[in-house]
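# With the sequence up front, the predicted model follows.
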Amino acid sequence: HIETKDLAVEEIDQAIKADRLRIGIEGTDSETTLARRRIGQQRLRGIVLFNYSSTCALCDVNEPSLLEASHIVGWAENPESRGILSNLICLCKFHHTLFDSGYWSLSDGHSVLRKLPQTSRTIAVLLDISIQFRKPRDHSPASLFLRAHRLRYGFDVKRI
């Protein structure tokens, strides 16, 4: 629980890599708690970006200010999975928004699934049929989280 004590950066990184980081569990009633949480979030984002070679998992966007550590199962849905690397994907702001809105998901084998038909040309371009998921160095998205995302947004879980 990152908010409960001051941890060295190395300790935070080790906790993240071991899927032991718990973040956002404690109340934010103090500046110290908030500062500790921010440090944990920054370290988590840094590791996620490194894991995806600082490039969106769906396109060639590699500008750090446009990249986000996107939760597969959302922050509010499952607090215990917030710091688990297999619940995070490096996405550009465009693909992150479309993911969080249910326009696309991933199969357990990491094939990109799209909601069709698309009436927006912009969304159709962003989710072009040729787009493929770029696998990370480590900590690929876990089937448990992917299934929950597909179920939430109405993808046919039995077919995938």
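Right, received. Where do you want to start?
# where does the chain have its least confident helix or strand?
Using mean pLDDT, DSSP states H and E, the weakest-scoring helix or strand in the chain turns out to be helix 9-17, at a mean of 74.
# now that helix: how far from the chain's centre is it?
How far helix 9-17 lies from its chain's middle: 18 Å, per Cα atoms, centre = their mean, to the nearest Å.
# Where does pLDDT dip in the chain?
1-5, 7, 21-30, 32-40, 157-160 (pLDDT under 70).
# ok, now with 90
1-44, 74-83, 116-119, 156-160 (pLDDT under 90).
# can you map out the strands along it?
67-71, 88-92, 104-106, 112-114 (DSSP state E).
# Nearest to L146, out of those strands?
With Cβ to Cβ as the measure, strand 104-106 is the member of the strands of the chain nearest L146 (5.2 Å). Heads up, the C-betas are built off the backbone N, CA and C, glycines and all.
# which ones are touching the residue nearest to N62 when sequence neighbours are not counted?
Once flanking residues are discounted, N62 sits nearest to T55: 4.5 Å by Cβ to Cβ, 6 or more residues apart in numbering. By Cβ atoms under 8 Å, 6 or more residues apart in numbering, T55 lies in contact with V61, N62, L67, C90, R134.
# can you pull out the helices in this structure?
9-17, 31-51, 93-100, 121-126, 143-152 (DSSP state H).
# What is the burial count for L144?
Neighbours of L144 under the rule other Cβ atoms under 10 Å: 14.
# Let me know the distance separating it from E31.
35 Å (Cβ to Cβ, to the nearest Å).
# swap in P117?
From P117 across to E31, the span is 49 Å (Cβ to Cβ).
# picking up where we left off before, which pair in the contacts of T55 spans the largest distance?
Of all pairs in those, the most separated under Cβ to Cβ is L67 and R134 at 12.5 Å.
# what touches both of the two?
T55, C56.
# Which one's more surrounded, the two?
Per other Cβ under 10 Å, whichever of L67 and R134 has more neighbours is L67, with 23 against 16.
# The more buried one contacts H95, doesn't it?
No: counting by Cβ atoms under 8 Å, L67 stays clear of H95, with 10.0 Å between them.
# overlap in contacts of these two?
Common neighbours of L67 and H95 (Cβ under 8 Å, 6+ apart) are C56.
# Correct me if wrong: L58 contacts V112.
Yes: counting by Cβ under 8 Å, L58 touches V112, with 7.0 Å between them.
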